[in-house]
Structures are given as C-alpha cells and as structure tokens.
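1. below is the sequence, then the predicted model.
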Amino acid sequence: MKNIVLISLIIAFFSSSGLAADLSGIPAAADLTSDNNKHALAIAYNHANKNSPENTVEHAAHLKKALNEAIVIQHASSISETIIKRMPSAQYDFSRLKTAELQPEEISVFDRDPRYRNNLYYLLGKKRMETALFPLIWNGIEIKEDLDKARYSNTVAITGGMSLCTGVVIAKNVVLTAQHCVCKDVKQYVFVGETWMGNQNRVPVRQSIIMKRCNRPVTEAADVALLILSQGLDKKIKPATFASTELIDEAKTVRIIGFGRNKDNAYDEKSLVDIAVASKSCSGSVKNEDGVNVHDTSYYGCSRDFEFVASEPVLKKDACLGDSGGPAFIKDAQGNEFLAGIVSRHIGATAPKPCGEGSVYVRVDGAVRDWISRRGVQIAVTR
C-alpha cells in the first residue's frame, strides 16, 4: 500500500500543471577525474580562443559548448562504462567542435551579459582547475559524503498539495521557503535527510506565514514564506546564518541546494551545484541581440533590489521543479558559507525551458530579513 501511495504521488508530480515551482532541479555528478577536468577545460579554452576574442558573447558560448561536449563524451549512453574508463583524456574526440560557427540557440541570454561572463571565467578560473569543475544541480552532485551531510543538513524537503519544494532551516523550529510553494499548499511536512521518499524523519508544519498574498504575481517582491514546525529539530541541524548585504553584493558564484527534478526526471536526492551570478540585485541592464539596452527587470523578469539572477550554468545545470525555496549559499574569504537567497523561479520570457536556463533568487537581506525578524524569528547574520 505504501508503494502505491508513493507511485501515485510521483505521478501527480509529473501530471500536475501546478508544480511547486517554476524552477529547475538537481542531481548526478559528472565523475571526471582531476586530470580529465584540467584537460577538458584546457581544450575548451583553446577551442574558444581560436574562434573568438576572450570575454565576448561568442567566446563564452564556445567555451560552454566545448565543456558540454566533454561531458557528453564522458557520459554518452552509447559508450560503455568500460570504454569510458579506458579512454585516456588526451583521446577525447572534440571533432564536432571544429566548426567555428555557432547556432543562434547556442548563445544564451546570459552569454550577452558581461557580468555573467566575468563570473563564469571566475568560476572556471585556472586556480580552480585542480578542483571538481562539474558539480551541478539540474544534474547536480548528490550529497553523499558525511561532511556535506552535516554541512547541508539544514536543507530540507517539503511536501503537501501533492507537490514538492525545498526549504532551509533558519531557527530550531522555522523553515524558510518560497511563498508560491505555500500558496500551492506545499506546507504539510518537512523532511530531514538526503532523501524524502520513504523518509520517516519528518516533522509536521504547525503554521505557515507568507510575505505577500497568494493572489499576487510570483514576480512581485517577495516570494518568501516561513513554516513554523510543530516541534524543534535535532540540535545537530545548525540553522543557516544569513549573509550580509555587502557579502551578497560581492558574490561572483552561489551554491544552490535542493531536492528538485534531475535529468532522469526523478525527485528524491538532495543535490548541489555551483553557478555564476549574473545580476546581483536586478538593478542593471543588458544589451539584447539587437544591441538595445534592456533593464534586468525585463531582461530576466526579476524584481529590483529584492532578487538576484544566477546561471544559465556551465553545463546546462540549474535549479528545477521541486527546488523552489531551496537555499543559495555564498562564501566569505575564509570559506565560511552563508545564506544569500532562496530559489524562486526560472528567468522570464527569455527562457524557453523551465530548467537549465537560469533562475531568479530572492535575496534574504534588507526588507526580507526585516520581515522575518518582525515575525519574531531570531536569526543569525554574519557581519
């Protein structure tokens, strides 16, 4: 009977037109070795440099195209795992990249944004070539290691209304999530752990509080809600510390975490991804394909001073359906992580798909943080 209920719930996720989010999702780490990472990145830069000047729209598009090609080759279903393991990195076949011509669909709205390009190069900087370059959410890294389990135990799954969202613990009995999740009745249970299906470690939600009325557009500030739990969570779960405004304004990349849809259309594993920031406060502008300056509010469909925009990620990885309300963390100079925002939705009319095209995040400083404090929730904020 339990399995039947789970299957019904899964079917509801896919059949419902009112999924918990307009957002994108997570899991599945690319398992390239460090040497292969460096080799793939070197080839990608070489390909981009041959075909376009650095820090141009075309250069960013060529670079990501080449990196995606490396992942396709590494994980192509037509190539057996045995062959992949035996394939020296130097023998990767990038022949499909030899053409210098880019198709229009290979240039994203983010490639046209110089702020994104600068942060993209930072994300792929040569100083990071020894690290895992491909940890991503819509196809992100599943959180398996004990260190990550402890670090991100404050990221939780939320169910209700036959849908799924993600949230972040900000006090011992309070979870922060997206307003549109609550308005779609995703406010029944909070699940603690790396999965939610079959997870008995759940806590009922006693009360939900939204920052704006449910009849207001999701694009209107601010897509934020609080879930007050029926009991306090385990003391081992450390509530997220909020980032300062200064730290958010300085951020070049963010790490997003959630339980949303992955490339296999599964909703279960908690996963993470690092992506580049484009607009830090939805207050700038970008030249579109016609060379016309368009304000961020129209270009990305975000809310000025309340939200930031990040992604389209390097390898088509992004937040997705089910990730709504999930945390976006940033690091200070010492490597400490702080909560900068929560997932709200995919970018505006410029995004043809609901996942993998970039997302909008609600900043949790300023008016949002003040609103939370006025609700009587005591939160920690970094200096």
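-> Yep, that arrived.

2. okay, now residue 307: neighbour count?
-> 28 (other CB atoms under 10 Å). The way it works is simple: take the backbone N, C-alpha and C, and place the C-beta from them, glycine included.

3. I figured it hits residue 342, correct?
-> No - with contact defined as CB atoms under 8 Å, residue 307 does not reach residue 342; the gap is 10.1 Å.

4. pull up the overlap in contacts between those two.
-> Shared contacts of residue 307 and residue 342, defined by CB atoms under 8 Å, 6 or more residues apart in numbering, comprise 361, 362.

5. excluding sequence neighbours, find me the nearest residue to residue 297.
-> Leaving aside its chain neighbours, residue 297 sits nearest to residue 304 (5.6 Å; criterion: CB to CB, 6 or more residues apart in numbering).

6. how is the protein partitioned into domains?
-> Using automatic domain parsing, the domain ranges for the chain come out as 1-29+135-383, 34-133.

7. okay, the residue nearest to residue 297: pLDDT?
-> Residue 304 is assigned a predicted lDDT (pLDDT) of 93.

8. could you shift the numbering so residue one becomes 477, and keep it that way?
-> Sure, I'll start numbering at 477, so the last one becomes residue 780.

9. surely it is within a helix?
-> No - Residue 780 is assigned coil when assessed by DSSP: H, G, I helix; E, B strand; the rest coil, not a helix.

10. hmm, it is touching residue 760, no?
-> No - in this structure residue 780 lies outside contact range of residue 760 using CB under 8 Å: 9.8 Å.

11. identify the contacts common to the two.
-> Contact criterion CB under 8 Å, 6+ apart; residues shared by residue 780 and residue 760: residue 772.

12. who has more neighbours, the two?
-> residue 760 (19 against 14).

13. list the contacts of that one.
-> Counting by CB under 8 Å, 6+ apart, residue 760 has contacts 591, 771, 772.

14. report the buried members of the residues you listed.
-> Buried subset of these (neighbour count, 16 or more other CB atoms under 10 Å): 591, 772.

15. what's the neighbour count on residue 676?
-> 6.

16. where does it land in three-state SS?
-> For residue 676, the secondary-structure state derived from three-state DSSP is coil.

17. and it, how far is that from residue 667?
-> 9 Å (CB to CB, to the nearest Å).

18. same check, this time on residue 596
-> Taking CB to CB, one finds residue 596 at 34 Å from residue 667.

19. for residue 725, same thing?
-> From residue 725 to residue 667 the distance is 33 Å (CB to CB).

20. who has more neighbours, the two?
-> With neighbours defined as other CB under 10 Å, residue 725 and residue 667 compare such that residue 667 has more, 22 against 14.

21. who does the more buried one form a beta bridge with?
-> Under DSSP bridges, the beta-bridge partners of residue 667 are residue 633, residue 678.

22. pretty sure it sits against residue 631.
-> No - the pair residue 667 / residue 631 is not scored as a contact, 10.5 Å apart, by CB under 8 Å.

23. show the average pLDDT along the strand or helix carrying residue 762.
-> In the assignment (DSSP states H and E), residue 762 maps to strand 761-763. Strand 761-763 shows a mean pLDDT of 95.

24. which of the residues in it are buried?
-> Buried, per 16+ other CB under 10 Å, within strand 761-763: residue 762.

25. so what touches whichever helix or strand comes after that strand?
-> Toward the C-terminal end, the helix or strand that comes next after strand 761-763 (DSSP H and E) is strand 769-771. The set of residues external to strand 769-771 that reach it, using CB under 8 Å, 6+ apart, is 760, 761, 762, 763, 764.

26. helices or strands up against the helix or strand following strand 769-771?
-> Moving toward the C-terminus from strand 769-771, the first helix or strand encountered (DSSP H and E) is helix 772-775. The contact analysis (3 or more CB pairs under 8 Å, 6 or more residues apart in numbering; DSSP states H and E) places helix 772-775 against strand 761-763.

27. and the closest residue to residue 539 other than its chain neighbours, how far from residue 784?
-> Leaving out its chain neighbours, the residue that sits closest to residue 539 by CB to CB, 6+ apart is residue 524, at 4.1 Å. Per CB to CB, residue 524 is found 26 Å from residue 784.

28. looking at those two, which one has more neighbours?
-> residue 784 (27 against 23).

29. beta partners for that one?
-> With DSSP bridges as the rule, residue 784 is bridged to residue 837.

30. that one against residue 778, yeah?
-> Yes - applying CB under 8 Å, one finds residue 784 in contact with residue 778, separated by 7.5 Å.

31. so what's in contact with those two at the same time?
-> Counting by CB under 8 Å, 6+ apart, the residues touching both residue 784 and residue 778 are 755, 758, 836.

32. make JSON lines out of those residues and add pLDDT, distance to residue 686 and neighbour count.
-> Shown next, in JSON lines, are the shared contacts of residue 784 and residue 778 (pLDDT from 0 to 100; distance: CB to CB, whole Å; neighbours: other CB atoms under 10 Å):
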{"residue": "755", "pLDDT": "96", "distance to residue 686": "25", "neighbour count": "26"}
{"residue": "758", "pLDDT": "95", "distance to residue 686": "21", "neighbour count": "24"}
{"residue": "836", "pLDDT": "92", "distance to residue 686": "18", "neighbour count": "30"}
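
33. out of those, the closest to residue 706 would be?
-> Residue 706 has its nearest neighbour among the shared contacts of residue 784 and residue 778 in residue 836, at 31.2 Å by CB to CB.

34. and the closest one, how far from residue 684?
-> 22 Å.

35. what's the answer for residue 676, then?
-> 23 Å.

36. equivalent analysis for residue 670, please.
-> Relative to residue 684, and taking CB to CB, residue 670 is found at 25 Å.
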